[in-house]
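K.L.:
coords please:
(chains A, B and C)
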Amino acid sequence: MFGLVDAVSFYASAEKVFDPSIRNKPVVVLTNNDGCICAVCPIARRLGIPKFKPYFQIKSFLDKHNVVVRSSNYELYADLSDRMMNVIGRFCDNQYIYSIDESFLFFDNYQSYVKDWHEYGHQIRKAVWKETRLPVGVGFGVTSTLSKAANHAAKKLSGYNGVAVINNKNNRLAVLNRMSVSDVWGIGGKISQRLKQQGINTATQLANESPKNIRKQFSVVTERTVNELNGVSCLSWDSVRSPKKEVFSTRSFGQRITDITILRFALVTHASIVARKIRRQSSRVKKLMIFASSSPHDNLYYKQAIIYPFTVATNSTCDLANAVDCVLHSIFSQGVRFYRCGVGAIELENDAFIQPDLFMPTQDNPKLMQCLDKINYRYGDGTLKVASEGHNEKWQMSRGFLSPQYTSQWRDIPKIQC
DNA sequence: TCTGGGGTCCTAGGACCC
DNA sequence: TCTGGGGTCCTAGGACCC
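P.N.:
Numbering: from 1, shown residues only, chains lettered A, B, ... in the order given. Reported below is the predicted structural model:
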C-alpha cells in the first residue's frame, strides 16, 4: 500500500500558522519578486482567484475583496515543512519526501500494519494539525499513481473530507470516474490535449486503454501511468535520497539590470550558491552553464548561455567565480535590460572519484571551503563571501509583503502579550 | 511599469566503434 | 537499379513534476 500526504495550499496555510488573525480570511502567496500568485487558500479559491496569474493584473480585485497578500517566505516554509514531515514520518517506517509539502509513505505488510485506512488517514490529519497547525490531505492507493489520485479526491472531490482510499475496484472507479484525465499524475497539458482529441476525457477511460497502444502513441512513461491506474505498480523509489544530477541557482531581478558590474555581482552570487549546494551533496562540477536574459515578454528577447568546462571537476566557490569572470563579457550586451540570470552545474561528478590533471599540480584546498561553510552555517549564509559577490542590493528580489521568519530568526520570534 | 525557480526522465538522431 | 549489421555514447529537445 502507498500513501500520499500533502498540505492544503501549503504556502498559504503556512502563513496562517503563526498569524491566527488571518485564518478565516482569503490569503494568497506570490512568487519571487511578487510576480505571480503561486498559492491560493481554500477561502480565496472560492472567490475564483486562479493560480499563476500575474499579480499586477489581479491586484485591484484582491484589494476589493480584502484578500491578504504575502510574499514567498521560504525560510518559514522550509522550517514548517521539516516539522510537518517529522510528524507524518511517525506513521510509517518508510517515507519518501517528494517535495516541500508532500511525501509518499510505503506500507509493505499492510494487512498487518493497518486495519482501517480511513481511520488511519484521519489520525494522520489530526496529528499534523495538532502539532503544526497545517491542514493536510491523505490518499491511500495500491500504486503511487493511485495514491496520488486518492489524494486528489481527498482534497478536491466532495464527500471525502480530506481522506480517500483506493484498495478495491469499487472505490477505484468511484474516484477515477470523477477525475479528468488531465488530473492524473504524469498527464500534463500536451498529452491530455491529445488524449481528449481521441475522446479520452476521464481517468477511467485512460485506464481502459491498451498500455501497448499508449506506448506506441506516447512513450513508456505514459504506458506506466496506464498500468499504475490499473493497480500494477511500475514506479520504484529509492529510500536514500540520491544526489542531484543538476544543480541550478537562478532568479529574476527586483529591477531590470543594464550595468555589467551588477550582472557580475548577481552571477557570482549564484555561482557561490551552486558551489555550496554541490559541496553539501559531495559533488563536483565538470560543466557549468552561465546564462542571462531579458524578459520573454519584451519585444526583443535576448538570451545568452555559455557552457564553461572545467579541466578538473571542482567545488570551490573561487573556481566557479573565476568561471563567471571568464564568460561575463560574452554574456553581457550593451543596452539589454536584463531580467534574469543564473548559474547551473549541468555535469556533476562524485567527490570521491575525481580525475586530476596529469600535468598541473592540484590547487585544491578543501580546508578553505570547509571553513567558509562552517562559518556561514553558524552565523548565517552570506556572512563570509567572495568579494566579487559584491554588496549591491540593487538586483535582489523584491518581497514587499513578507511575513516574519517566526522560527528561523531570533528577532522574529512571536511575542505573547499579557 | 509589472509575468517563478527549481528538478527528472525519455527519445531521436548523430558520431563513432568494430 | 541494387551500398552491412550490430553496438555505445552524447546531445538537444520535449514532456512531465512541484
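
K.L.:
any idea how far A:Val221 is from whichever residue of the stretch 1-150 of chain A sits closest to DNA strand C?
P.N.:
Nearest residue of the stretch 1-150 of chain A to DNA strand C: A:Ser99, at 4.2 Å (CB to the nearest atom of the strand). To be clear about C-beta, it is placed using only N, CA and C from the backbone, and glycine gets the same treatment. Going from A:Ser99 to A:Val221 by CB to CB, to the nearest Å gives 19 Å.

K.L.:
okay, these two: which has more neighbours?
P.N.:
Of the pair A:Ser99 and A:Val221, A:Val221 is the one with more neighbours under other CB atoms under 10 Å, namely 13 against 9.

K.L.:
just the element for the more buried one, please.
P.N.:
Assigned by DSSP states H and E, A:Val221 belongs to helix A:220-229.

K.L.:
again with A:Tyr339
P.N.:
Going by DSSP H and E, A:Tyr339 is part of strand A:338-350.

K.L.:
can you list the residues of the stretch 251-400 of chain A near DNA strand B?
P.N.:
Within the stretch 251-400 of chain A, the positions near DNA strand B by CB under 7 Å from any atom of the strand are A:251-252, A:256, A:277, A:295, A:297, A:339-340, A:342, A:344, A:397.

K.L.:
let me know the closest of those to A:Leu62.
P.N.:
Nearest to A:Leu62 among those: A:Met397, at 20.3 Å, using CB to CB.

K.L.:
ok, that closest one - how many residues close by?
P.N.:
There are 16 residues near A:Met397, going by other CB under 10 Å.

K.L.:
list the contacts for it?
P.N.:
A:32-33, A:251-254 (CB atoms under 8 Å, 6 or more residues apart in numbering).

K.L.:
pLDDT check: weakest of the residues you listed?
P.N.:
pLDDT across the contacts of A:Met397 is lowest for A:Gly254, at 89.

K.L.:
looking at this, that residue is in a strand?
P.N.:
Yes: with DSSP: H, G, I helix; E, B strand; the rest coil as the criterion, A:Gly254 is part of a strand.

K.L.:
helix, strand, or coil at A:Gly3?
P.N.:
strand.

K.L.:
burial measure for the closest residue to it other than its chain neighbours, as a count.
P.N.:
Using CB to CB, 6 or more residues apart in numbering and skipping residues adjacent in sequence, the residue nearest A:Gly3 is A:Leu105, 3.6 Å away. Neighbour count of A:Leu105, defined by other CB under 10 Å: 21.

K.L.:
host element of A:Leu105?
P.N.:
strand A:102-106.

K.L.:
swap in A:Val69?
P.N.:
Using DSSP H and E, A:Val69 falls in strand A:68-71.

K.L.:
ok, and what's touching that strand?
P.N.:
Contacts of strand A:68-71 (CB under 8 Å, 6+ apart): A:11-12, A:15, A:22, A:25-30, A:34, A:55, A:62, A:399-403.

K.L.:
can you list the low-confidence ranges for chain A?
P.N.:
Low-confidence segments of chain A (pLDDT under 70): A:239, A:363.

K.L.:
in it, what residue comes closest to DNA strand C?
P.N.:
Counting by CB to the nearest atom of the strand, chain A gets nearest DNA strand C through A:Gly188, at 2.3 Å.

K.L.:
contacts only, for that residue.
P.N.:
Counting by CB under 8 Å, 6+ apart, A:Gly188 has contacts A:Ser182.

K.L.:
same check, this time on the one 3 residues further on
P.N.:
Shown here is A:Ile191, whose contacts under the criterion CB under 8 Å, 6+ apart are A:218, A:222.

K.L.:
confirm it sits in a strand?
P.N.:
No: applying three-state DSSP, one finds A:Ile191 to be helix, outside a strand.

K.L.:
the residue nearest to A:Gly3 bridge partners, please.
P.N.:
For A:Leu105, the beta-bridge partners under DSSP bridges are A:Gly3, A:Gln95.

K.L.:
next, the angle from the strand or helix carrying A:Ile290 to strand A:338-350.
P.N.:
Assessed by DSSP H and E, A:Ile290 sits inside strand A:283-293. Strand A:283-293 and strand A:338-350 are oriented at 160 degrees to each other (axes from the mean of the first three to the mean of the last three CA atoms, to 10 degrees).

K.L.:
strand A:283-293 pairs with which strands?
P.N.:
Partners of strand A:283-293 in its sheet, by DSSP bridges: strand A:303-314 (antiparallel), strand A:338-350 (antiparallel).

K.L.:
just name the most buried of the ones you listed.
P.N.:
With neighbours taken as mean count of other CB atoms under 10 Å, the strands paired with strand A:283-293 reach their highest mean count in strand A:338-350, at a mean of 21.

K.L.:
now the element after that one, going C-ward?
P.N.:
Using DSSP H and E, the first helix or strand after strand A:338-350 is helix A:366-379.

K.L.:
quick one: distance of that next one to the chain centre.
P.N.:
26 Å (CA atoms, centre = their mean, to the nearest Å).

K.L.:
surely A:Gln405 and A:Asp412 touch.
P.N.:
Yes: using CB atoms under 8 Å, A:Gln405 is in contact with A:Asp412, at 4.7 Å.

K.L.:
where along chain A do the strands fall?
P.N.:
A:2-7, A:27-30, A:37-40, A:68-71, A:94-99, A:102-106, A:136-141, A:163-166, A:247-257, A:283-293, A:303-314, A:338-350 (DSSP state E).

K.L.:
what's the third one in contact with?
P.N.:
Contacting residues not belonging to strand A:37-40 are listed as A:9-12, A:28-31, A:49-53, A:55, A:58, A:72 [CB under 8 Å, 6+ apart].

K.L.:
what's the closest of these to DNA strand B?
P.N.:
A:Thr31 (3.0 Å).

K.L.:
quick one: contacts for the closest one?
P.N.:
By CB under 8 Å, 6+ apart, the neighbours of A:Thr31 are A:37-38, A:72.

K.L.:
if any of those residues are buried, put those into a PyMOL selection.
P.N.:
Buried members of those, defined by 16 or more other CB atoms under 10 Å, are picked up in PyMOL with:
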select buried, chain A and resi 37+38+72
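
K.L.:
quick revisit: could you measure from the residue of chain A closest to DNA strand C over to A:Arg399?
P.N.:
30 Å.

K.L.:
ditto for A:Ser242
P.N.:
Distance from A:Ser242 to A:Arg399, by CB to CB: 32 Å.
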